[in-house]
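# Any chance you could fold what I've pasted below:
(one chain, ligands or ions: 1)
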Amino acid sequence: MNSTKHFNILIIGAGPAGIGAAVALSKRGIKSIAIIERSDKVGGIPSFYKKKKGGVRTFIRWSRGGIPVFGEDYAQWLEKQLLKTKVQIELQTQVLNIDAKKKILTLVSPKEGEVNYSADAIVMACGSREETLAERGWLGGSRPVRVFFTKQLLCLLDGNHLLPMNNPLIIGSDLIGYAAAAKLKAAGASNAVIVDNRSGPKCGFFERLYFRLWSNPKYQGLSIKSIEITGNKTASGVKLNGKNIPCDGIVICGELIPNSELALNGNIKVELHSRKPVVAEDYQLSEPGWFAAGNMLGGFHGAEWCYFNGRRVARGVVNYLSQT
Ligand SMILES: Cc1cc2nc3c(=O)[nH]c(=O)nc-3n(C[C@H](O)[C@H](O)[C@H](O)COP(=O)(O)OP(=O)(O)OC[C@H]3O[C@@H](n4cnc5c(N)ncnc54)[C@H](O)[C@@H]3O)c2cc1C
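Numbering: from 1, shown residues only. Predicted coordinates:
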């Protein structure tokens, strides 16, 4: 392995939060900043939502009066902001491990192989993922073909123009679930059934009203104790309280969990139940010089919130650097 390269700031993740932090830190005059992204493009989750004629805009620009935009357009706007700075962008580079005390990251990329980077301060903006069947506890049964998470659905629908189901059933009722129902209907599927173990949908009233422009999914939630996925080779339905609801494909949406595995591996304190890193003032983590931003902080936040949160976290980083 080559010797360790040193930076003022390292940012893990080039989604909205990481880019917000990079742009703000650069504007505050910090010279040596690198942003590390495992994917081959910047933009994070929004970049997976492709722009399409007749497609569904699922990201809201609150700073532009609340206009809905395509994720891809938002990701391109983020990229433009990043390219205006001198921040070093490392694509196809995954952070494998961290040494929190020494502030060292071990990275791997096809270009450099395995290398170590160190920094005076590090921002973790690793995003979140959807909870799995096992983690949800109330979701049992088999795991046949045609059960997808949102990202896989996006790769098929937006990435490859394939419609993987005609009669969708969506598990999870937040904005992501309603957005998936709208996208499936816009691509030619019928209205989805959305199920959740809560009395009403999690998605807000105005967001649901907006997605009604494309689809009017049927919500089933009240008094659901457990859901069992049925079907031998391919999903054929779900059993809700003993009653079968047929479908030919299932999408598991929402219930986001922070990607805090790296923090855990580095002995940074993480709430084990929620997987949120423990955050103090200025978004500082339990090890000095480590910060978190965006969806890593837990909860469901849209891209614009994450971008501005990244900018706020940058202020905390600058305060920290001025005190050390
Ligand atoms: C499946 C899914 C669908 C969503 N759909 C919507 C939607 O339609 N509308 C909406 O408003 N919001 C949606 N959201 C919420 C969305 O996550 C936020 O809007 C926003 O993208 C979060 O920004 P972020 O920067 O915190 O995380 P992300 O956008 O997830 O970016 C994190 C980045 O970190 C990188 N990364 C993570 N770990 C490493 C590592 N070890 N090494 C290197 N790079 C790493 C990832 O590759 C990623 O690019 C969705 C979330 C998910 C999970």
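# Could you find the closest non-adjacent residue to Arg311?
Excluding its sequence neighbours, the residue lying closest to Arg311 (C-beta to C-beta, 6 or more residues apart in numbering) is Ala24, at 4.1 Å. Using the backbone N, CA and C atoms, a C-beta is placed for each residue, glycine as well.
# any idea which element the one you found lies in?
helix 16-27 (DSSP states H and E).
# quick one: contacts for the residue nearest to Arg311?
Gly310, Arg311, Ala314, Arg315 (C-beta atoms under 8 Å, 6 or more residues apart in numbering).
# Leu256 now?
Counting by C-beta under 8 Å, 6+ apart, Leu256 touches Ser128, Arg129, Glu130, Glu131, Asn295, Gly298, Gly299, Phe300.
# Is it bridged to anything, and to what?
Glu130 (DSSP bridges).
# Could I get the average pLDDT for the longest helix along the chain?
Scanning the chain for the longest helix, with DSSP state H as the assignment, gives helix 303-323. On average, the pLDDT along helix 303-323 is 96.
# so Phe149 sits right up against Arg143, yeah?
No: judged on C-beta atoms under 8 Å, Phe149 makes no contact with Arg143 at a distance of 11.9 Å.
# now the angle from the top strand by length along the chain to helix 16-27?
Ranked by residue count and defined by DSSP state E, the top strand of the chain is strand 113-124. Orientation check (axes from the mean of the first three to the mean of the last three C-alpha atoms, to 10 degrees): strand 113-124 against helix 16-27 gives 80 degrees.
# does the ligand sit close to strand 113-124?
No: between strand 113-124 and the ligand, judged by C-beta under 6 Å from any ligand atom, nothing touches; the nearest distance is 8.4 Å.
# With only the CA atoms kept, save that strand in CSV.
C-alpha atoms of strand 113-124 as CSV (Å, rounded to 0.1, in the frame of the first residue of the first chain):
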residue,chain,number,x,y,z
GLY,A,113,-6.0,-0.1,-5.6
GLU,A,114,-6.0,0.1,-1.8
VAL,A,115,-4.8,3.4,-0.3
ASN,A,116,-5.0,5.4,2.9
TYR,A,117,-6.2,9.0,3.2
SER,A,118,-6.1,11.0,6.3
ALA,A,119,-7.6,14.4,7.2
ASP,A,120,-8.0,17.0,9.9
ALA,A,121,-11.8,16.5,9.8
ILE,A,122,-14.1,14.0,8.1
VAL,A,123,-17.8,14.3,7.1
MET,A,124,-19.7,11.1,6.8
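# Quick check: which helices or strands does that strand pack against?
Under the contact definition 3 or more C-beta pairs under 8 Å, 6 or more residues apart in numbering; DSSP states H and E, strand 113-124 sits against strand 5-12, strand 104-109, strand 290-292, helix 303-323.
# Point out the most buried one among the ones you listed.
Ranked by mean neighbour count, the helices and strands packed on strand 113-124 are led by strand 290-292 with a mean of 26 (mean count of other C-beta atoms under 10 Å).
# Which other helices and strands does that strand contact?
strand 113-124, helix 303-323.
# chain center to that strand, what's the gap?
Here strand 290-292 is found 17 Å from its chain centre; the criterion is C-alpha atoms, centre = their mean, to the nearest Å.
# can you give me the helices for the stretch 151-300 of the chain?
For the stretch 151-300 of the chain, the helices defined by DSSP state H, counting those that start in this stretch occupy 160, 175-186, 205-211, 261-265.
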